[in-house]
Structures are given as C-alpha cells and as structure tokens.
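Peer 1: how would this look folded up:
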Amino acid sequence: MFDPRVLDPGQEIVSLAGIPPHEIDQIVELLQAMRAWREADERMSEASRRYMKLGDTDMRALRFIIAGQQNGMRVTPGSIAAHLGISTASTTKLLDRLAAAGHVRRLPHPSDRRSVIVEVVEETRRAARDSIGRTHGRRFDLAARLTPEQRDVIIHFLRDIAATADETTS
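Peer 2: You can find the predicted model right below:
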C-alpha cells in the first residue's frame, strides 16, 4: 500500500498540500503499478532461475556470455569476472557449476594459450531466448509504442526513483 492518506495521515513524511484528491489517486495508482511490475519481474526471474536451476549471479553470467557470443566477442573468464564484479576464483567456481550443469563449455583461446573462451551451449541459449528473451522483446515493443516525449518522461522518472534507493543506502 502506497497511499500516504493511509500510511501518513498526519502528513509527517508526505505533504499532500495543493494536490487535488483525484491526482493523489493517480499517484497512488502509479506507485501500485510500479510495484506490480516489480513483483511480476521478480516472479519471471525466479521462474527462469528455477527452470534452469541457477542462482542470480549464474544467470547474469549466462546473459553476458550469450550477449558476447551474439556480438562476436570472445568471452573469457576474466571478462566475466570484470562484468560481474567478482574475483577470478569465484568466476572459476561459477564456470565449474555452469559447465557441470551443461550450460557452458570452455574452449582453447585461439590466440592466447594461457586463456580459454567460454561459450553457452545451444540448448541453454535457446531456452534463454524462448523464455526471458521473448518477454524482453514484448517489453521493447511496448516501449516502442510510446512517443519519444513519453519515453523521456518515463526515463527521467525511473532514474529519479532509482536515485531514492541510493539515498537510503548511503
């Protein structure tokens, strides 16, 4: 519930001065819609992780490797570690898990004998495309239906919302 009329009737945190009741209703509806989207996104992510039997970091690694492959990039353990912000030792354990589960394979690097490149196997790439990829495609289509001006408003709003999280963690 995001209604300050219920949560903050004394207006100690949120001042409703000068905001007509119908606009307060709309603001509350917007915040409820954002919550519904966030919960739906979390459910989708959780379902994908459960389906593939992977944790969040493993899924982030797979997305990075898939994107790299699709763009002709040679993905190395070092580039995965840098992308995820984890140690090389943690990356080795992550790749061991992904390889044991049959999601990735390590191949000799074509120009650096000390390194390997990491590729996602076709079955995993296809599963990711058919689940998360299609959802992201629908989201792109929805965003494309908006006017550039509408997208700008939403971009600025979401960036401002994201900044409020930074305010509470610092």
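
Peer 1: Would you map out the domains in this protein?
Peer 2: 1-52, 54-120, 121-170 (automatic domain parsing).

Peer 1: Report the contact partners of residue 124.
Peer 2: 52, 62, 102-104 (C-beta atoms under 8 Å, 6 or more residues apart in numbering). (Each C-beta comes from the backbone N, C-alpha and C, glycine too.)

Peer 1: Show the buried residues in these.
Peer 2: Listed as buried from those are 52, 62, 103-104; burial here means 16 or more other C-beta atoms under 10 Å.

Peer 1: Quick check: phi and psi at residue 108.
Peer 2: Main-chain dihedrals, residue 108, degrees, to the nearest 10: phi -60, psi 140.

Peer 1: So it versus residue 117, what's the distance?
Peer 2: 8 Å (C-beta to C-beta, to the nearest Å).

Peer 1: Looking at these two, which is more packed in?
Peer 2: residue 117 (20 against 10; other C-beta atoms under 10 Å).

Peer 1: what about that one, is that helix, strand or coil?
Peer 2: strand (DSSP: H, G, I helix; E, B strand; the rest coil).

Peer 1: Do you know the pLDDT at residue 168?
Peer 2: Per-residue pLDDT puts residue 168 at 63.

Peer 1: Correction: the previous question concerned residue 164.
Peer 2: pLDDT recorded at residue 164 is 87.

Peer 1: Which parts of this protein are strands?
Peer 2: 104-108, 116-120 (DSSP state E).

Peer 1: Looking at the ones you listed, which one is packed in the most?
Peer 2: strand 116-120 (a mean of 21; mean count of other C-beta atoms under 10 Å).

Peer 1: So which other helices or strands are in contact with that strand?
Peer 2: Where contact means 3 or more C-beta pairs under 8 Å, 6 or more residues apart in numbering; DSSP states H and E, strand 116-120 is packed against helix 56-70, helix 77-84, strand 104-108.

Peer 1: Distance to residue 15 and mean pLDDT for the strands of the chain - can I get that in CSV?
Peer 2: Shown next, in CSV, are the strands of the chain (distance: least, C-beta to C-beta, whole Å; pLDDT from 0 to 100):
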stretch, distance to residue 15, mean pLDDT
strand 104-108, 53, 96
strand 116-120, 51, 96
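
Peer 1: No further questions, thank you.
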